[in-house]
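Visitor: coords please:
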Amino acid sequence: MKGRLPSIRVGVALGAVMLGAVVFGGECAWTSVSAGAAEKPEMWVEVRSPHFTVYSNGGQKQAQRVAEQFEQIRAMFAQAFPNVKVDPGQPLIILAAKNEKTLKALLPEFWEQKGRAKPAGWFQPGQEKNYAALRLDTQGDNPFKIIYHEYVHLLVRLNYQGLPTWLNEGLAEFWANTIIGDKTVRTGRPDENHILLLRESKLLPIDVLLKVDHGSPYYNEANKVSIFYAQSWALVSYLMLDEKMRQGKVLTRFLQAVNGGKDDTEAAREVFADLKKLEKTLESYVRSSQFYELEIKKPAEIPDSEY
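Guide: Modelled structure (predicted):
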């Protein structure tokens, strides 16, 4: 997820972490903003890599692991897409929260509003610094999915302006499902949870999906956000991996139409033509027995001495 950090308490928390890192030379004690006076202050550590700074209350090994994963996904994009900007002009500060309680202290409004979806990660751009907050205790076969998702939001912001919400989140979900192996990187892998949900649910009409924004119930309400993310992933996966869509450069033409000033629905009707037909095609796609993925040569790792 991406957007504006929803509370002044986040700024206070970030300030405490930054100040502690300066005062204590990379290790700082910071009491969670929701903690009572009798609770023991938590120790936060700082790990710096060539392109990222990570603060975490999950320990040094976890902090370095997060930094390594951000470096790996950055290197993958730099190698595979040499024309894509991978470095912002401002530093990216990553807050790696060891559990939900810590993330709740950083982003309290998500827990204060009844029925609101609880994020496992959050990206916040800024004029002087960019911030990413994420949980270290997420479950699943890919523990780094949240890291990749949030980094893709940074890349989108660097390379595109005004992307529709479905495409922004769909791209983040598409690239988030990446596995970095010993020699290769497998990415664009089918997301089993998304597929299962889409097969068991009625898909959103395409014109509804196209109009979802950051104020929409499908972006904020816990009982609606899952179908939006799943369908956004499915549409991006179809546009990027289906042979006919790739040969026709359909996604590229849609981006060009949006960048040319057309609204999302107008651009979609121009490029996709029949939206009802696209809905039926997408339904068939998620019920398919065969999915594709991309395989990219693994970039060189950064030596431990660089951390």
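Visitor: Every contact and neighbour count from this point should use C-alpha atoms.
Guide: Fine.
Visitor: and residue 95, bridged to which residues?
Guide: Following DSSP bridges, residue 95 is listed with bridge partners residue 55, residue 133.
Visitor: Please enumerate residues in contact with the helix or strand where residue 271 lies?
Guide: Using DSSP states H and E, residue 271 sits within helix 264-272. The contact list for helix 264-272 (C-alpha atoms under 8 Å, 6 or more residues apart in numbering) reads 164, 207, 210, 211, 250, 253, 254, 257, 258, 275, 278.
Visitor: So which of those residues belong to helices?
Guide: 207, 210, 211, 250, 253, 254, 257, 258, 275, 278 (DSSP state H).
Visitor: got a list of what the last one touches?
Guide: In this structure, residue 278 makes contact with 206, 272, judged by C-alpha under 8 Å, 6+ apart.
Visitor: Any of the contacts of helix 264-272 buried? List them.
Guide: 164, 210, 250, 253, 254, 257, 258, 275 (16 or more other C-alpha atoms under 10 Å).
Visitor: I am assuming the first one contacts residue 232, so please confirm or correct that.
Guide: No - because the distance of 10.6 Å does not satisfy C-alpha atoms under 8 Å, residue 164 is recorded as not touching residue 232.
Visitor: in a strand, that's where residue 43 is, yeah?
Guide: Yes - membership of residue 43 in a strand is supported by DSSP: H, G, I helix; E, B strand; the rest coil.
Visitor: Can you classify residue 46 as helix, strand or coil?
Guide: strand.
Visitor: Buried by neighbour count: which residues of stretch 92-111 qualify?
Guide: Result for stretch 92-111 [16+ other C-alpha under 10 Å]: buried residues 92-100, 102-110.
Visitor: Identify those among the residues you listed that sit within strands.
Guide: Assigned to strands by DSSP state E, the following of the buried residues of stretch 92-111 qualify: 92, 93, 94, 95, 96, 97.
Visitor: And those, which is the shakiest by pLDDT?
Guide: Lowest in pLDDT among those is residue 92, which has 88.
Visitor: Contact partners for that residue?
Guide: Counting by C-alpha under 8 Å, 6+ apart, residue 92 touches 51, 52, 53, 129, 130, 131, 132.
Visitor: one more time with 10 Å, if that's ok
Guide: Residues near residue 92 by C-alpha atoms under 10 Å, 6 or more residues apart in numbering: 51-54, 123-126, 128-132, 151, 154.
Visitor: which non-adjacent residue is nearest it?
Guide: For residue 92, ignoring the flanking residues on the chain, the nearest one in space by C-alpha to C-alpha, 6 or more residues apart in numbering is residue 130 at 4.7 Å.
Visitor: That neighbour is in contact with residue 150, isn't it?
Guide: No - Residue 130 is beyond contact range of residue 150, at 11.0 Å (criterion: C-alpha atoms under 10 Å).
Visitor: quick one on the thing from earlier: quick one: which of the buried ones among the contacts of helix 264-272 is nearest to residue 306?
Guide: Nearest to residue 306 among the buried ones among the contacts of helix 264-272: residue 164, at 37.4 Å, using C-alpha to C-alpha.
Visitor: Over stretch 205-214, what's the mean pLDDT, rounded is fine.
Guide: Taken as a whole, stretch 205-214 has an average pLDDT of 92.
Visitor: Could you list the residues in contact with it?
Guide: Here stretch 205-214 makes contact (C-alpha under 10 Å, 6+ apart) with 1-4, 164-167, 203-204, 218-220, 227-229, 231-232, 235, 263-265, 268-269, 275-280, 282.
Visitor: What subset of these is buried?
Guide: Neighbour-count burial (16+ other C-alpha under 10 Å) applied to the contacts of stretch 205-214 gives 1-2, 164-167, 203, 218-220, 227-229, 231-232, 235, 264-265, 268, 275, 279, 282.
Visitor: Strands - which of those residues land there?
Guide: Per DSSP E, those never map to strands.
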